[in-house]
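1. next comes the sequence, and after it the predicted model I'd like to discuss.
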Amino acid sequence: MQLSRSIREHLRRAIFADAGFTVVETIVTVALALVVLVPVSFVLTDMQQASTGTIQRADAVQLAEVGLRSMDQQLRGAYQVEFPTSSSGCSSPWCSSIASGVQTANVVDVLTRVKGTDYEIRYDCTVASKTITTDRACWQYKCSASASTGSGSSCTSSTSGVTKGLVIDQLTNGTNASPVFSFCYQNLTTTGNACASGATRPSSATVTIDVPAAGTLSTSHQNGDPTTVQLTDNVYMTNLDLNLDQ
């Protein structure tokens, strides 16, 4: 009887010993799992960041393209340029003096007609970006106007009844060294489409937009993409007086 009890006890201990893991076995198993899982987690994290960067890049370019088209449309429909003009004084970074018939600017003010209604449209691309403080943003200010609105008129954020809205954010240009707008002045003596000195108003413009290639992921503290995307378009302002200056 005593022998039978000892055998049962021995068998019970053997079964329980085989059913579990020792502390050493558990530590080794966890270590091996970490060796496999840590690299896999890094790969998945990199893939997620790359996917996010691609989405950010596409969004940044798309938003900039929409803003560029909006500004182009207003400039093409302009029948009078309020600012800049060859006779107006310029200060950095609003605009530069005319050189060889070309004047650069980061602030534009024009009169335009939309569906039979006159408006004064002002684009200011010198405003600090609210997303990345070292960059700039283009804002649109829209005021009521008429064909008799004088050249001294100015539509700004403080103008009564003004409608304002953000057009493009995170602009990396918008400085005198890298302007958004470049106006070409032509007169009747101009050969071809070349710009020339002597005219008092521009007839065409080039709009250039530089934005981060990956939106907010381009900032240095996020270790993002530091490159930029440049969008540019040429605008012929057909509604301006076609009798160019002599």
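-> Noted; the coordinates are in hand.

2. now the helices for the chain?
-> 2-19, 23-76 (DSSP state H).

3. could you tell me the least trusted of those helices?
-> Per-stretch mean pLDDT for the helices of the chain is lowest at helix 2-19 (a mean of 56).

4. grab the nearest non-local neighbour of S86.
-> Among residues not flanking S86 along the chain, T200 sits closest, at 5.0 Å (Cβ to Cβ, 6 or more residues apart in numbering). Yep, even glycine has a C-beta here, placed from its N, CA and C like the rest.

5. need the per-residue pLDDT for the one you found.
-> 72.

6. in this structure, which spans are strands?
-> Applying DSSP state E to the chain gives strands spanning 78-83, 102-105, 107-114, 117-128, 136-144, 163-171, 181-185, 202-212, 228-236.

7. who wins for proximity to V66 among those?
-> strand 163-171 (8.4 Å; Cβ to Cβ).

8. so what strands line up beside that closest one?
-> Counting by DSSP bridges, the strands paired with strand 163-171 are strand 136-144 (antiparallel).

9. now the partner strand: average pLDDT?
-> Mean pLDDT, computed over strand 136-144, is 93.

10. what residues of it count as buried?
-> Neighbour-count burial for strand 136-144, with 16 or more other Cβ atoms under 10 Å as criterion, is recorded at 136-143.

11. with stretch 148-167 instead?
-> Those would be 149, 153, 155, 159, 162, 164, 167, for stretch 148-167 by 16+ other Cβ under 10 Å.

12. skip the chain neighbours and tell me the closest residue to the fourth one.
-> Pointing back at T159 there. With sequence-adjacent residues excluded and distances taken as Cβ to Cβ, 6+ apart, T159 is closest to C143, at 5.2 Å.

13. pretty sure the one you found contacts G161?
-> Yes - using Cβ atoms under 8 Å, C143 is in contact with G161, at 6.6 Å.

14. number of nearby residues for V180?
-> 29 (other Cβ atoms under 10 Å).

15. actually Y79, not the one I wrote
-> With other Cβ under 10 Å as criterion, Y79 counts 15.

16. swap in S203?
-> Count around S203 with other Cβ under 10 Å applied: 22.

17. what about the nearest residue to it once chain neighbours are set aside, distance to L111?
-> Take S203 and drop its neighbours on the chain: the residue closest to it by Cβ to Cβ, 6+ apart is Q186, 4.8 Å away. For Q186, the distance to L111 (Cβ to Cβ, to the nearest Å) stands at 20 Å.

18. for those two, indicate the residue with more neighbours.
-> L111 (24 against 21).

19. please name the nearest non-neighbouring residue to S178.
-> D210 (6.8 Å).

20. who are the contact partners of that neighbour?
-> By Cβ atoms under 8 Å, 6 or more residues apart in numbering, the contact list for D210 reads 171-173, 178, 228-231.

21. just the buried ones from the residues you listed, in PyMOL syntax?
-> Selection of buried members from those for PyMOL, criterion 16+ other Cβ under 10 Å:
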select buried, resi 171+172+173+228+229+231
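
22. ok, back up a step: was I right to think the residue nearest to S203 contacts G198?
-> No - contact criterion Cβ under 8 Å: Q186 and G198 do not qualify, at 9.2 Å.

23. mutual contacts of the two, please.
-> Common neighbours of Q186 and G198 (Cβ under 8 Å, 6+ apart) are G101.

24. which residues touch the residue nearest to S203?
-> So Q186 contacts 101, 193-196, 199, 202-204, 244 (Cβ under 8 Å, 6+ apart).
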